[in-house]
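Engineer: Pasting the sequence and the predicted coordinates here, then a few questions.
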Amino acid sequence: MSIIARNITKTFGAYTALNDVSLEVPAGKLVALLGPSGSGKTTLLRIIAGLEFSEPGSGRIKFHGEDVTDLPAGKRGVGFVFQHYALFRHMTVAQNIAFGLTVQPRRERQSKEAIAARVQELLKLIQLPELGSRYPAQLSGGQRQRVALARALAVQPKVLLLDEPFGALDAQVRKDLRRWLRHFQREIGVTTIFVTHDQEEALELADEVVVMNNAKIEQVGTPQEVYDRPASPFVIEFLGNVNRFAGLGHRLPGAGQDVIYVRPHDVDILREYHGQHGIRVSVQHVFSAGNYGRIALVRADNGETIDAEISRVRLAELKLAAGDEAFVVFRHIRLFPSGAFSERDVSTDDARAAVVDPGRDI
Amino acid sequence: MSRSHRSVIPGFGLSLGLTITYLSLIVLLPLSAAFIKTLGMTWEEFWTAVGSPRVIASYRISFLASFAAASVNCVFGLIVAWVLVRYPFPGRKIVDALVDLPFALPTAVAGIALTALYAPNGWIGSLLAPYGIKIAFTEIGVFIALTFIGLPFVVRTVQPIIEELEPEFEEASASLGANRWQTIRRVILPQLVPALLTGFAMAFARALGEYGSVVFISGNMPMRTEITPLLIITKLEQYDYKGATAIAVVMLVTSFTLLLLINLLQKWSRRHHAV
């Protein structure tokens, strides 16, 4: 079931939560809405769910080509999982899961036996077959999350919407559940959108990532696309650590400030260097616990900090220690021109040179 | 105190001592005085004092009218609290303050005002009189006075719970296809039951002991509208101290048992609210 949201605007008083946002989600995909808090991602999810409505006259929501803009949440066929699960505390796990089936109009409602069988099937699906008679208060966070998911799936929704699904869980449970959700979504193939502010979660889990900022969508693409070809400085800064350098623009009168970005893993450290674009640095700190070595470096010429990530093998070869002198070269850099510069074709070589020698004219 | 008893919340001994002394002075001592007074009676004297038909009739009207009033307040108090919390409307602050009026008003004033309103020549009483409906000086009058004084108890106990009710639960219910009525009955009300029971217990207890507002509107007809607290006063005025305390003891034990039962019920109703 594909989802289309077109020209959605939403304001809360003077505050604009969504500014003319359009989004298309192909059927069966797992899509992440990624952004900082206040970017409008949860509001967009709630509008798709029908828990919130866009400004009168603005925007349409379509599921599989069918316009659902004016339908209330209960009639849209969505399964919604809340950040804090919103499980009904006075009902058992089984009663919670059965809720959506037992509130159907009498004519469409399944028999008690059929509902009980469906609940049992869902309990198996979420790998908690024995816990039907427990109350939510007796479950762990991860178990509650899965019960909330089962409750949303019981009514066989056309789309599944999850608001910060792993936000309230600790790191290990979060990781397990992430993997489980991905596998699970593949298996049942329901079109799924989830909201997160965690870039790692979005990149690892989603088929497609929608990066949001300031009530707008910055970029839509596969995890690889948004990571390797970020469309804006916001996207590159939001998706992981990055070194930021002032570009060429500040040298020219009237030009806007353009910026150059280098990912820490694109920084290579050398003991000796005789080429053209090396930067002399001194080692400030070496963090060697983890999957890779992280090194904080200080430029010898202007005192700017550069973060580098290198493999542990390479780190062992280099035998770096705080205070050592070294050189860095950038394997890959990304330039975002702005202002007057945006019209000019700046080769990455020029940009590279500009980083290496900020005083250089081009 | 030994080291093993160290706690981050100090002062347990002191505060418990204060609590017990205070409760003894304010609550336990006067109540036990009533018990001790009745100890001077023989069983026969006691039974005649608490079991005469006139006294039994007064228990009936007191407990039934109090129960009915508290029940009605549960329904309408809940609606009032809901409206005050959920809907912003002009004058809400004033309506909110109005709820407390039965607390603040001297009960005699309330009694006189209600009587003036519901007497056969009062504003409301005169409208109903042509249809043969009498309110003042009947059981209905007692019930109305007790409803009046009980309302704030229900509203003020339920209100904070409604304020804390996360809209998420209602949204979850709605997104699962429940209509508004199903959401109220199956999701909202069960969460309010413990607070409602507390409110009911408080309104009920207050109504049982109420005197000032009832005596004017009830007409105090023996065997019909004479409430137990009034009977106690009557006995006191006749210098029948033992008879008065004997009835008081019966009221005390019954009220205490009922409140205990309601408390147990309340505890049971919130057994799953650990989180």
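Structural biologist: Nice, thanks for sending it over.
Engineer: By average pLDDT, which secondary structure element in chain B comes out worst?
Structural biologist: Using mean pLDDT, DSSP states H and E, the weakest-scoring helix or strand in chain B turns out to be helix B:29-39, at a mean of 86.
Engineer: what's next to that helix, contact-wise?
Structural biologist: Residues outside helix B:29-39 that contact it (Cβ atoms under 8 Å, 6 or more residues apart in numbering or on different chains) are B:46, B:241-242, B:245-246, B:248-249, B:252. Heads up, the C-betas are built off the backbone N, CA and C, glycines and all.
Engineer: Same check on stretch B:254-261?
Structural biologist: The contact list for stretch B:254-261 (Cβ under 8 Å, 6+ apart) reads B:59, B:63, B:201, B:204-205, B:208-209.
Engineer: Could I get the average pLDDT for that stretch?
Structural biologist: Averaged across stretch B:254-261, the pLDDT comes to 88.
Engineer: Would you mind listing the buried residues in it?
Structural biologist: If you call a residue buried by 16 or more other Cβ atoms under 10 Å in any protein chain shown, then stretch B:254-261 has these buried ones: B:255, B:258.
Engineer: Likewise for stretch A:295-307?
Structural biologist: A:295-297, A:299, A:304, A:306-307.
Engineer: would you say residue A:128 is within a strand?
Structural biologist: No. Assigned with DSSP: H, G, I helix; E, B strand; the rest coil, residue A:128 falls outside any strand and is coil.
Engineer: so how far is residue A:147 from it?
Structural biologist: Distance of residue A:128 to residue A:147, computed by Cβ to Cβ, to the nearest Å: 7 Å.
Engineer: swap in residue A:167?
Structural biologist: With distances taken as Cβ to Cβ, residue A:167 is found 16 Å from residue A:147.
Engineer: of those two, who's got more company?
Structural biologist: Neighbour comparison, residue A:167 and residue A:147: the larger count goes to residue A:147, with 27 against 15 (by other Cβ atoms under 10 Å in any protein chain shown).
Engineer: Report the contact partners of the residue lying closest to residue B:123 once chain neighbours are set aside.
Structural biologist: Spatially, and ignoring its direct neighbours in sequence, residue B:123 is nearest to residue B:117 (5.5 Å; Cβ to Cβ, 6 or more residues apart in numbering or on different chains). Counting by Cβ under 8 Å, 6+ apart, residue B:117 touches B:123-125.
Engineer: what about the residue lying farthest from the centre of chain A, which SS state?
Structural biologist: In chain A, the greatest distance from the average C-alpha position (Cα atoms, centre = their mean) is reached by residue A:107, at 41.9 Å. Three-state call for residue A:107 (three-state DSSP): coil.
Engineer: how near is it to chain B?
Structural biologist: Shown here: residue A:107 relative to chain B, a distance of 14 Å by Cβ to the nearest Cβ, to the nearest Å.
Engineer: what do you get for residue A:294?
Structural biologist: Applying Cβ to the nearest Cβ to residue A:294 and chain B gives a distance of 39 Å.
Engineer: doesn't that residue fall inside a helix?
Structural biologist: No. Judged by three-state DSSP, residue A:294 forms no part of a helix; its state is strand.
Engineer: near chain B, which residues of the stretch 51-200 of chain A?
Structural biologist: A:51, A:72-75, A:78-80, A:82, A:84, A:86, A:88-90, A:99-100, A:103-104, A:135-137, A:151-152, A:154-155 (Cβ under 8 Å from any Cβ of the partner chain).
Engineer: other SSEs contacting the strand or helix carrying residue A:244?
Structural biologist: In the assignment (DSSP states H and E), residue A:244 maps to strand A:243-246. If you count contacts as 3 or more Cβ pairs under 8 Å, 6 or more residues apart in numbering or on different chains; DSSP states H and E, strand A:243-246 packs onto strand A:259-262.
Engineer: Can you tell me the strand partners of the strand it packs on and which way each runs?
Structural biologist: Here strand A:259-262 has these sheet partners by DSSP bridges: strand A:243-246 (antiparallel), strand A:334-336 (antiparallel).
Engineer: Pull the distance from the helix or strand following that strand to the chain's centre.
Structural biologist: Using DSSP H and E, the helix or strand that follows strand A:259-262 in sequence is strand A:267-270. The chain centre lies 29 Å from the centre of strand A:267-270; the measure is Cα atoms, centre = their mean, to the nearest Å.
Engineer: Can you list the buried residues in strand A:267-270?
Structural biologist: Buried positions in strand A:267-270, judged by neighbour count with 16+ other Cβ under 10 Å: A:267, A:269.
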